[in-house]
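*Asks:* what shape does this take:
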Amino acid sequence: MVTTQQLDRLYLKMPDTESVTLTTKRGVNNDTTATVTVSHAWMRDISRDDIARGLATTAHEGIVWNIPNVLLAGAEIETGDTITDSSSVVWTVMSVSRVRLRTHWRCICRRQK
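*Replies:* Model prediction:
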(Lines give C-alpha, C1' and ligand atoms only; values in the text may rest on other atoms or scores of the structure.)
Protein backbone atom coordinates (compact mmCIF):
# COMPACT_ATOMS: atom_id res chain seq x y z
CA MET A 1 0.00 0.00 0.00
CA VAL A 2 1.25 3.48 -0.86
CA THR A 3 1.62 5.80 2.12
CA THR A 4 0.87 9.50 2.26
CA GLN A 5 4.58 10.15 2.80
CA GLN A 6 5.47 8.34 -0.42
CA LEU A 7 2.86 10.29 -2.36
CA ASP A 8 4.11 13.53 -0.83
CA ARG A 9 7.57 12.73 -2.20
CA LEU A 10 6.02 12.02 -5.61
CA TYR A 11 4.43 15.50 -5.67
CA LEU A 12 7.82 17.00 -4.77
CA LYS A 13 8.96 16.06 -8.27
CA MET A 14 6.08 17.84 -9.99
CA PRO A 15 6.95 21.24 -11.45
CA ASP A 16 5.15 24.44 -10.44
CA THR A 17 3.56 23.16 -7.24
CA GLU A 18 3.22 25.29 -4.14
CA SER A 19 1.99 25.03 -0.60
CA VAL A 20 -1.56 26.29 0.00
CA THR A 21 -3.91 26.46 2.95
CA LEU A 22 -7.49 25.27 2.56
CA THR A 23 -9.99 26.83 4.95
CA THR A 24 -13.28 24.98 5.17
CA LYS A 25 -16.45 26.59 6.50
CA ARG A 26 -19.13 24.26 7.82
CA GLY A 27 -22.07 24.42 10.16
CA VAL A 28 -25.42 26.15 10.02
CA ASN A 29 -23.94 29.65 9.83
CA ASN A 30 -20.53 28.65 8.43
CA ASP A 31 -19.29 29.18 11.97
CA THR A 32 -17.15 26.03 12.13
CA THR A 33 -13.87 26.57 10.32
CA ALA A 34 -10.92 24.25 9.87
CA THR A 35 -7.67 24.67 8.01
CA VAL A 36 -5.56 22.11 6.18
CA THR A 37 -2.14 22.85 4.74
CA VAL A 38 -1.56 21.13 1.41
CA SER A 39 2.12 20.81 0.59
CA HIS A 40 1.77 20.49 -3.19
CA ALA A 41 -1.05 22.07 -5.18
CA TRP A 42 -0.84 23.58 -8.62
CA MET A 43 -2.79 26.27 -10.39
CA ARG A 44 -3.81 26.57 -13.99
CA ASP A 45 -5.43 29.34 -15.99
CA ILE A 46 -9.20 29.41 -15.96
CA SER A 47 -10.81 28.29 -19.21
CA ARG A 48 -13.06 30.39 -21.43
CA ASP A 49 -15.89 27.96 -20.69
CA ASP A 50 -15.54 28.64 -16.97
CA ILE A 51 -15.65 32.40 -17.61
CA ALA A 52 -18.72 31.92 -19.85
CA ARG A 53 -20.45 30.04 -17.00
CA GLY A 54 -20.01 33.17 -14.85
CA LEU A 55 -17.53 31.69 -12.38
CA ALA A 56 -15.18 34.62 -13.02
CA THR A 57 -15.46 37.72 -15.15
CA THR A 58 -11.85 37.81 -16.34
CA ALA A 59 -8.90 35.44 -16.50
CA HIS A 60 -7.08 37.64 -13.98
CA GLU A 61 -9.91 37.25 -11.46
CA GLY A 62 -10.17 33.46 -11.72
CA ILE A 63 -7.85 30.50 -11.45
CA VAL A 64 -8.12 26.72 -11.26
CA TRP A 65 -6.45 25.01 -8.32
CA ASN A 66 -5.71 21.29 -8.53
CA ILE A 67 -5.34 19.62 -5.15
CA PRO A 68 -4.48 15.94 -4.63
CA ASN A 69 -7.08 14.23 -2.46
CA VAL A 70 -4.50 12.24 -0.52
CA LEU A 71 -2.85 15.44 0.77
CA LEU A 72 -6.10 16.77 2.28
CA ALA A 73 -6.00 14.45 5.30
CA GLY A 74 -9.65 13.47 4.81
CA ALA A 75 -11.01 17.00 4.29
CA GLU A 76 -13.63 17.65 1.63
CA ILE A 77 -13.72 20.80 -0.49
CA GLU A 78 -17.04 22.60 -1.03
CA THR A 79 -18.06 25.83 -2.72
CA GLY A 80 -17.46 28.80 -0.44
CA ASP A 81 -14.27 27.35 1.04
CA THR A 82 -11.10 29.39 0.56
CA ILE A 83 -7.61 28.58 -0.66
CA THR A 84 -4.73 30.81 0.40
CA ASP A 85 -1.68 30.54 -1.83
CA SER A 86 1.98 31.03 -0.92
CA SER A 87 1.73 34.75 -1.81
CA SER A 88 -1.12 35.19 0.74
CA VAL A 89 -3.70 35.68 -2.02
CA VAL A 90 -7.07 34.29 -0.94
CA TRP A 91 -9.22 32.47 -3.50
CA THR A 92 -12.88 31.55 -2.97
CA VAL A 93 -13.98 28.19 -4.38
CA MET A 94 -16.81 28.83 -6.85
CA SER A 95 -17.07 25.33 -8.31
CA VAL A 96 -15.45 22.04 -7.36
CA SER A 97 -15.25 18.64 -9.01
CA ARG A 98 -13.26 15.44 -8.61
CA VAL A 99 -11.05 14.52 -11.57
CA ARG A 100 -8.38 11.99 -12.54
CA LEU A 101 -10.24 8.95 -11.25
CA ARG A 102 -11.39 11.02 -8.26
CA THR A 103 -7.80 11.45 -7.00
CA HIS A 104 -7.68 15.25 -7.46
CA TRP A 105 -9.97 18.15 -6.70
CA ARG A 106 -10.39 20.72 -9.50
CA CYS A 107 -11.39 23.97 -7.82
CA ILE A 108 -12.45 26.92 -9.94
CA CYS A 109 -11.74 29.92 -7.76
CA ARG A 110 -12.27 33.67 -7.76
CA ARG A 111 -9.77 36.05 -6.19
CA GLN A 112 -11.11 37.77 -3.08
CA LYS A 113 -11.02 41.55 -3.17
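
*Asks:* run through the helices of this structure in chain order.
*Replies:* Along the chain, counting by DSSP state H, helices occupy 4-12, 48-52.

*Asks:* worst mean pLDDT among those?
*Replies:* Among the helices of the chain, helix 4-12 carries the lowest mean pLDDT, a mean of 60.

*Asks:* could you report the pLDDT at M14?
*Replies:* Reported pLDDT at M14 in the predicted model: 62.

*Asks:* now swap in L72 and tell me
*Replies:* For L72, the predicted pLDDT is 88.

*Asks:* which residues are in contact with the residue positioned nearest the centre of the chain?
*Replies:* For the chain, the residue nearest the mean C-alpha position is W65 (4.4 Å; CA atoms, centre = their mean). For W65, the contact set (CB atoms under 8 Å, 6 or more residues apart in numbering) comprises 20, 41-43, 83, 91, 105-107, 109. Quick note: C-beta positions are derived from backbone N, CA and C, even for glycine.

*Asks:* dig out what it forms beta bridges with.
*Replies:* M43, C107 (DSSP bridges).

*Asks:* was I right about H40 contacting N66?
*Replies:* No - using CB atoms under 8 Å, H40 is not in contact with N66; the gap is 9.8 Å.

*Asks:* mind checking which of those two has more residues around it?
*Replies:* More crowded of H40 and N66, by other CB atoms under 10 Å: H40, with 21 against 16.

*Asks:* look up the residues forming beta bridges with the residue nearest to Q112 when sequence neighbours are not counted.
*Replies:* Leaving aside its sequence neighbours, Q112 sits nearest to V90 (CB to CB, 6 or more residues apart in numbering; 4.4 Å). The partner list for V90 in beta bridges (DSSP bridges) reads T84.

*Asks:* that concludes my questions; thank you for your assistance.
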